[in-house]
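[1] Quick one, structure for this:
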Amino acid sequence: MDFIEALFTEFSEIHGDRAFGDDAAMICGMARFNEEQVLVVANVKGRTTKEKVRRNFGMPNPEGYRKALRAMKIAAKFGRPILTFIDLTGANPGLGAEERGQAEAIARNLREMARLPVPVIATITGEGGSGGALALAVADRVLMLENAVYSVISPEACASIMWRDASKRELAAEALQTSAEHVLRLGCADAIVPEPPGGAQEDTNQAAELLRTALTQHLREVQEIPAADLVPRRLARFRQIARFYTES
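    Below you'll find the model as predicted:
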């Protein structure tokens, strides 16, 4: 919410997925970015204990992903760019979420975001964990804050699976290569956004201005891509991720 308040004006929130309910962990709304109308989608963790519980510590339920997709389709209808902000360890793994179709909701977001005919810019502001993060990051450009991480699994969980020992998390983290520099080198991100000394939490306003500069540049570049080429380029981008070659 700090970034939303600092970067956007006239933010008008959209509620509900029109199927089950409204997920407080996911926030969506139309707003103006540099006087241009855009859609903002973000997961929200909250600050106080009470708010964190209400927002499920930022872990969206399937209705949250469906709400986000509903808002994205509205933005696509009116030709508005989409800016997503991601800071989550993963989607809610609870029984209720699974019963309501968590995996299907994430999979549908992956498919439909790949087909959106408008520019999509995703920003990893803190943690980007598993498919829960990817369901908001099928974008034309993926930005990462300097101290952000982006990974398919947490180092602790990876160590527990691979070695049956969570204490080997540092070894797992080295293998996963979750830092912004590693993710950029692997081609899963397009740019690293610098943070103020000590991290974005030390000076939110300065962090927001640094992010504004990056968003403005990348949004302008993506908007210069012909509309007919936008979806094919996005599909090609994700098909290239993690591809490697060896000599026969």
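[2] Run through the residues that contact the closest residue to residue 160 other than its chain neighbours.
    For residue 160, ignoring the flanking residues on the chain, the nearest one in space by Cβ to Cβ, 6 or more residues apart in numbering is residue 166 at 4.8 Å. C-beta: built from backbone N, CA, C; applies to glycine. Counting by Cβ atoms under 8 Å, 6 or more residues apart in numbering, residue 166 makes contact with 156, 157, 159, 160.
[3] for residue 42, phi and psi?
    phi -160, psi 150 (degrees, to the nearest 10).
[4] hey, what's it bridged with?
    residue 27, residue 85 (DSSP bridges).
[5] Assign a three-state SS to residue 40, would you?
    Following DSSP: H, G, I helix; E, B strand; the rest coil, the label given to residue 40 is strand.
[6] what about the helices in the chain?
    2-7, 49-54, 62-77, 95-99, 102-114, 130-134, 155-162, 169-176, 180-186, 204-223, 227-240 (DSSP state H).
[7] For residue 43, find the nearest of those helices.
    Closest to residue 43 of these, according to Cβ to Cβ: helix 62-77, at 7.4 Å.
[8] Now do that closest one: which elements does it pack against?
    Helices and strands touching helix 62-77, as assessed by 3 or more Cβ pairs under 8 Å, 6 or more residues apart in numbering; DSSP states H and E, comprise strand 9-14, strand 26-33, strand 36-43, strand 82-88, helix 102-114.
[9] which strand of the chain spans the most residues?
    strand 120-129 (DSSP state E).
[10] if we can go back for a sec, I'd like the helices of the chain laid out as a markdown table, including mean pLDDT.
    Shown next, in a markdown table, are the helices of the chain (pLDDT from 0 to 100):
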| stretch | mean pLDDT |
| --- | --- |
| helix 2-7 | 92 |
| helix 49-54 | 92 |
| helix 62-77 | 96 |
| helix 95-99 | 92 |
| helix 102-114 | 95 |
| helix 130-134 | 89 |
| helix 155-162 | 88 |
| helix 169-176 | 87 |
| helix 180-186 | 88 |
| helix 204-223 | 94 |
| helix 227-240 | 91 |
